[in-house]
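> just the structure for this:
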Amino acid sequence: MKSGAETELLCEKWVQNGLCLAHDNGAPVFVHGALPGERVRARIVKSRSQHSFAIVTQVLETAKERVESDCPVFPACGGCSFRHIAYEDEVSLKVSLLEEHKFIAPHLSSLKLHHSPRDHYRNQVRLHGEEQARGFYALHTNEVVPLPASGCKNLARELNRRISEQSGLVFRTSQLSFSGEDDSGAIGEPGEPGEVQDGNQGNGAKPVLHLEAAGSTISWRFPPDGFSQANGFLLVPWLTTLAELASRCDVSSVYEIFCGAGLIGGYLKLQNGWKDHPYFGAELGKSSIHEAKQNFHGTGMKGNFLVADLYRGNVKSFLSERWKRPPKKSMLVANPPRAGLKEKLCQWIDSSGFDHVLYSSCNPQTLNRDLGLLERGGFRAKAMHWFDFFPGTPHSEIVMLLSREG
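So this is what the prediction gives:
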């Protein structure tokens, strides 16, 4: 079917990416905004030779699990996939879909879950469109769906307030304060206290994270264009989980790839009393490496930092030449982009002799692939935690601790 055409569909089951599977004349159609068992009218938004994607325009037969959406632009907006089911059902669905991944599935019986408040969790956002029609893209198109007057349900209230007042397309809280070890995580609303930095205004404001580590408050800076986790409620539970898992291991040195501004490695060293353990961090972004060096210096730690494209073709020899062979009892920490580690990095990890790998992944598909490669090299999963960093969406974060056996 051509894009723009409407058709009537019977939705069969949930599949990955928050979509329902239906068929039109035998061809698969992946439907946004439907539930299994529902008969809907849907508009084709993207058509390929073997399948197509569609958005619900009318529900003809309603599933009993459906709830009324609390967002006036769902499902037109592509920012959320699950505003039409209860949050408990959303969590169960996302966890159950992990069973489709061959190397992840065997560990689900011991999976630890960390939930987030469903709304107002995001402390940063990138918007699109003109000033009077800023919003998010519709699914599979460049069409911008303007934010509703009440703001986006996912954004921290402070972000919604400042977006309504300011022009520009990139916003984030420039100061964040968090403490505690439970899954509430935040003092006040996500991003409070805090200012919002508009990245298009060129003021160079650097987001600062204030949090507790080993009983002391530390300040961690990020470059304006750098990466930091967006869920204010789960940031501290995520960090404390990483530190607790690492503390189970006998570790002499820490190596971190995709280290960003050095937050994970720095937090592990401070929280676990590893301040004097050698640390090596690699990251592509020069501005992030600059902040990592400043962060380590500001907390009394030493670190060896390397600007590196970790997806380069010769990454194995590149890292081996610069970092030599890690000593015994070394831990490798990785928090890669959605592309994951890929085969060459997994081969380098295996050949370098690391005893432990602490892996935080935002994409179960690439985690599953990498897990298979690491297990082939003799690593075995010791723990797995699931963090619902992005309620309302199909995305989440999985943390795994792996140790070498044999």
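> gap between the nearest residue to Ser252 once chain neighbours are set aside and Asp250?
Spatial nearest neighbour of Ser252, excluding adjacent residues (C-beta to C-beta, 6 or more residues apart in numbering): Lys329 at 3.9 Å. Just so you know, the C-beta spots here come from the backbone N, C-alpha and C atoms, and that holds for glycine as well. Separation of Lys329 from Asp250 (C-beta to C-beta, to the nearest Å): 5 Å.
> of those two, which one has the most company?
Set side by side, Lys329 and Asp250 show more neighbours around Lys329, with 14 against 10, by other C-beta atoms under 10 Å.
> measure the more buried one to Val254 for me?
Taken as C-beta to C-beta, the span from Lys329 to Val254 is 10 Å.
> equivalent analysis for Gly265, please.
Gly265 sits 5 Å away from Val254, going by C-beta to C-beta.
> between the two, which contacts overlap?
By C-beta atoms under 8 Å, 6 or more residues apart in numbering, Gly265 and Val254 have these common neighbours: 279, 333.
> count of neighbours near Lys112?
11.
> before we move on, what about Pro146?
Neighbours around Pro146, by other C-beta under 10 Å: 16.
> contact partners for the residue most central in space within the chain?
When C-alpha atoms, centre = their mean is applied to the chain, the residue found nearest the centroid is Cys362 (4.2 Å). By C-beta under 8 Å, 6+ apart, the residues touching Cys362 are 337-338, 389, 395-397.
> now Ser360, what's its secondary structure?
On the three-state scheme (DSSP: H, G, I helix; E, B strand; the rest coil), Ser360 is labelled strand.
> report pLDDT for the spatially closest residue to it that is not a sequence neighbour.
Spatial nearest neighbour of Ser360, excluding adjacent residues (C-beta to C-beta, 6+ apart): Asn335 at 4.4 Å. With respect to pLDDT, Asn335 scores 98.
> and Trp118, how many neighbours?
That one is not Trp; residue 118 is Arg. Applying other C-beta under 10 Å, I find that Arg118 has 18 neighbouring residues.
> my error: substitute Glu244 in the last question.
Glu244, neighbours per other C-beta under 10 Å, totals 16.
> what helix or strand does it sit in?
Element membership for Glu244, per DSSP states H and E: helix 235-247.
> got it, and Phe53?
With DSSP H and E as criterion, Phe53 is part of strand 52-61.
> what's the answer for Leu332, then?
strand 330-334.
> quick check: mean pLDDT across the next helix or strand after that strand?
On the C-terminal side of strand 330-334, the nearest following helix or strand under DSSP H and E is helix 342-352. Averaging pLDDT along helix 342-352 gives 97.
> run the angle between helix 342-352 and strand 330-334 for me.
170 degrees (axes from the mean of the first three to the mean of the last three C-alpha atoms, to 10 degrees).
> so which elements touch helix 342-352?
Applying 3 or more C-beta pairs under 8 Å, 6 or more residues apart in numbering; DSSP states H and E, we find helix 342-352 packed against helix 315-323, strand 330-334, helix 364-376.
> do you know how far Ser69 is from Gly340?
Separation of Ser69 from Gly340 (C-beta to C-beta) stands at 33 Å.
> who has more neighbours out of the two?
For Ser69 and Gly340, the more surrounded residue by other C-beta under 10 Å is Gly340, and the numbers stand at 23 against 16.
> what's the distance between the residue nearest to the centre of the chain and Val315?
Distance from Cys362 to Val315, by C-beta to C-beta: 20 Å.
> what's across from the nearest residue to Gly79 once chain neighbours are set aside in the sheet?
Nearest non-adjacent residue to Gly79, counting by C-beta to C-beta, 6+ apart: Phe136, 4.2 Å away. Counting by DSSP bridges, Phe136 forms beta bridges with Val145.
> what is the neighbour count of Phe136?
For Phe136, using other C-beta under 10 Å, the count is 22.
> which ones are touching it?
Contacts of Phe136 by C-beta under 8 Å, 6+ apart are 77-79, 127-128, 144-145, 147, 152.
> for it, give me the pLDDT.
88.
> same deal with the one 3 residues further on?
For Leu139, the model assigns a pLDDT of 84.
> ditto for Asp182
For Asp182, the predicted pLDDT is 38.
> for the protein, give me the ranges with low pLDDT.
Counting by pLDDT under 70, the ranges of the chain that qualify are 131-132, 166-205, 406.
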